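**Student:** can't give you the sequence, but here's the structure:
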């Protein structure tokens with residue numbers, strides 16, 4: 001099964017696509033994550049806007065739409081990770097109402113693909 005099919009088949013995985021004049025302009029993906037002691041939140045997994053359509057508010061609209069979906073689904077919040085030096089992402093998320101409550105560190109493990 002392809003990664004796309006697997007993502008779309010999973011309950012709690014979401015993809016929103018923006019179109020401009022019938023052409024796909026951008027997308028955002030989100031994953032509902034449920035914690036045993038806090039409930040469900042939405043992880044904004046990826047945001048992408050085609051170069052031809054950047055700086056037109058499409059990214060902000062997609063983020064707002066994902067936040068609205070999360071609220072509708074009963075999530076208590078939305079979160080996203082990005083690099084502080086990614087000016088476009090920082091601007092987009094702030095314009096959509098996102099805030100940086102504190103400095104955090106991300107640790108990761110990388111495995112070979114099978």
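**Tutor:** That came through, no problem. Quantities reported herein were computed from a predicted structural model and do not represent experimental measurements.
**Student:** show me the strands in the chain, by range?
**Tutor:** Taking DSSP state E as the criterion, the chain contains strands spanning 13-20, 23-35, 39-49, 78-79.
**Student:** of those, which is nearest residue 102?
**Tutor:** Nearest to residue 102, of all those, is strand 78-79, at 12.2 Å by Cβ to Cβ. Quick note: C-beta positions are derived from backbone N, CA and C, even for glycine.
**Student:** where do the helices sit along this protein?
**Tutor:** If you assign secondary structure with DSSP state H, the helices in the chain sit at 3-9, 58-72, 87-95.
**Student:** out of these, which one sits most buried?
**Tutor:** helix 58-72 (a mean of 18; mean count of other Cβ atoms under 10 Å).
**Student:** same for that one, what does it pack against?
**Tutor:** strand 13-20, strand 23-35, strand 39-49, strand 78-79, helix 87-95 (3 or more Cβ pairs under 8 Å, 6 or more residues apart in numbering; DSSP states H and E).
**Student:** got the strands of the chain as a markdown table, with mean pLDDT columns?
**Tutor:** Conversion of the strands of the chain to a markdown table gives the following (pLDDT from 0 to 100):
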| stretch | mean pLDDT |
| --- | --- |
| strand 13-20 | 97 |
| strand 23-35 | 96 |
| strand 39-49 | 95 |
| strand 78-79 | 92 |
